[in-house]
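> the following block contains a protein sequence and its predicted model.
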Amino acid sequence: MTKSEAKKLHCTVEAAIAVIGGKYKAIIIWWLNEKGVMRYSEIQRKVPQATAKMLSQQLREMEADGIISRKVYPVVPPKTEYALTDLGKATVPIVHAMDKWGADFFTQLGVPIPCDEEE
């Protein structure tokens, strides 16, 4: 998000949602926090519901917002690694709170929790 885009926001919650509220951003943050550095293909396996185009877009936006870092190795085939930045690590408590709320929600409904963090 650019400075001019940030100036158009109306509140701090809106800013947080703008940065980490993308369809798969919280999931990406969750996995990068769990696994540390991950290659694109690893993230793609952890977020199989995301199309390659959507995943790439979300990763680009997160990099532009300073949430993740991207390191490209000059090898064939190309190797790209992603990791949380310090700013990204600051979002982890938010994602953990979302995880707990989601688990409580499934429990209240009597539905098995569909994800397994230990995959």
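Noted; the coordinates are in hand. Numbers count the residues shown, from 1 in each chain.

> does G66 really touch L87, like I thought?
Yes: with contacts defined as CB atoms under 8 Å, G66 counts as touching L87 at a distance of 4.8 Å. For the C-beta atoms, the positions are set from N, CA and C on the backbone; glycine is no exception.

> low-confidence ranges in the protein?
Within the chain, the segments meeting pLDDT under 70 span 116-119.

> pull out the buried positions in the helix ranked longest in it.
In the chain, ranked by residue count with DSSP state H as the criterion, the top helix is helix 92-109. Residues V95 are the ones in helix 92-109 that count as buried (16 or more other CB atoms under 10 Å).

> counting by contacts, list what that helix packs against.
Counting contacts by 3 or more CB pairs under 8 Å, 6 or more residues apart in numbering; DSSP states H and E, helix 92-109 is packed against helix 12-20, helix 25-35.

> and the following helix or strand past the longest one, what does it pack onto?
Spelled out, it's helix 25-35. Downstream of helix 25-35, the next assigned helix or strand under DSSP states H and E is strand 38-39. Counting contacts by 3+ CB pairs under 8 Å, 6+ apart, strand 38-39 is packed against strand 79-84.

> same thing but at 10 Å, please
Secondary-structure packing of strand 38-39 (3 or more CB pairs under 10 Å, 6 or more residues apart in numbering; DSSP states H and E): helix 25-35, helix 40-46, strand 79-84.

> residues in contact with the longest helix of the chain?
Defining contact as CB atoms under 10 Å, 6 or more residues apart in numbering, one finds that helix 92-109 is touched by 16, 20, 25-34, 84, 88, 111-115, 117.
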